[in-house]
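Asker: have a look; sequence and predicted model below, questions after that.
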Amino acid sequence: MQNKSVQIPYELFFQLLQYFLMDNYDGEEIIRLGLEKKLDAMVNREVYSKSKTAPTEEEREKFRKEYLDRRGIPENFRW
């Protein structure tokens, strides 16, 4: 696996620092929600990229549908 960088909001970074460097920090839930939000954004971006760059038309269509499902776009509103 190649090394990639991930950008997170300053607030989430600061909360992570507090959690790991301070013994009395109670923000586990906030951190968990922030990391889940970031992970969802990363997965959405990956699926979107695959919908544009997949080698076959069938794969592009599969990833396009997956992306639209993840974004919550209703079937009757899609092209």
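Answerer: Happy to help now that I have it.

Asker: now find how far off-centre the host helix or strand of Glu29 is within its chain.
Answerer: Using DSSP states H and E, the element containing Glu29 is helix 28-53. Its chain's C-alpha centre lies 0 Å from the corresponding centre of helix 28-53 when counted by Cα atoms, centre = their mean, to the nearest Å.

Asker: change the start of the numbering to 499 and stick with it
Answerer: I'll keep to 499 as the first residue from here, and by that count the last item is helix 526-551.

Asker: show me what counts as buried in the helix or strand following that helix.
Answerer: Going down the chain from helix 526-551, the next helix or strand is helix 555-569, by DSSP H and E. Neighbour counts over helix 555-569 (16 or more other Cβ atoms under 10 Å) mark 561-562, 564-566 as buried. For the C-beta atoms, the positions are set from N, CA and C on the backbone; glycine is no exception.

Asker: now swap in stretch 506-524 and tell me
Answerer: Neighbour-count burial for stretch 506-524, counted by 16+ other Cβ under 10 Å, picks out 510, 513-514.

Asker: ok, residues contacting it?
Answerer: Residues from elsewhere that reach stretch 506-524, judged by Cβ atoms under 8 Å, 6 or more residues apart in numbering: 525-526, 528-529, 532-533, 536.

Asker: could you redo the last one with a cut-off of 7 Å?
Answerer: Residues outside stretch 506-524 that contact it (Cβ atoms under 7 Å, 6 or more residues apart in numbering): 525-526, 528-529, 532, 536.

Asker: quick one: mean pLDDT for that stretch?
Answerer: Mean pLDDT, computed over stretch 506-524, is 90.

Asker: tell me the gap between that stretch and the middle of its chain.
Answerer: Distance, centroid of stretch 506-524 to centroid of chain: 20 Å (Cα atoms, centre = their mean).

Asker: export it to PDB, keeping only CA atoms.
Answerer: Provided in PDB are the C-alpha atoms of stretch 506-524 (Å, rounded to 0.1, in the frame of the first residue of the first chain):
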ATOM      1  CA  ILE A 506      -8.900  16.300   8.400                       C
ATOM      2  CA  PRO A 507     -10.400  19.400   9.900                       C
ATOM      3  CA  TYR A 508      -8.300  21.300  12.500                       C
ATOM      4  CA  GLU A 509     -10.900  20.700  15.200                       C
ATOM      5  CA  LEU A 510     -10.800  16.900  14.700                       C
ATOM      6  CA  PHE A 511      -7.000  16.900  14.800                       C
ATOM      7  CA  PHE A 512      -7.000  18.900  18.000                       C
ATOM      8  CA  GLN A 513      -9.600  16.600  19.500                       C
ATOM      9  CA  LEU A 514      -7.400  13.600  18.600                       C
ATOM     10  CA  LEU A 515      -4.400  15.300  20.200                       C
ATOM     11  CA  GLN A 516      -6.400  15.900  23.400                       C
ATOM     12  CA  TYR A 517      -7.600  12.300  23.400                       C
ATOM     13  CA  PHE A 518      -4.100  10.800  23.100                       C
ATOM     14  CA  LEU A 519      -2.100  13.300  25.000                       C
ATOM     15  CA  MET A 520      -4.400  14.200  27.900                       C
ATOM     16  CA  ASP A 521      -5.700  11.500  30.300                       C
ATOM     17  CA  ASN A 522      -8.900  13.200  31.200                       C
ATOM     18  CA  TYR A 523     -10.400  14.000  27.700                       C
ATOM     19  CA  ASP A 524     -13.900  12.500  27.200                       C
END
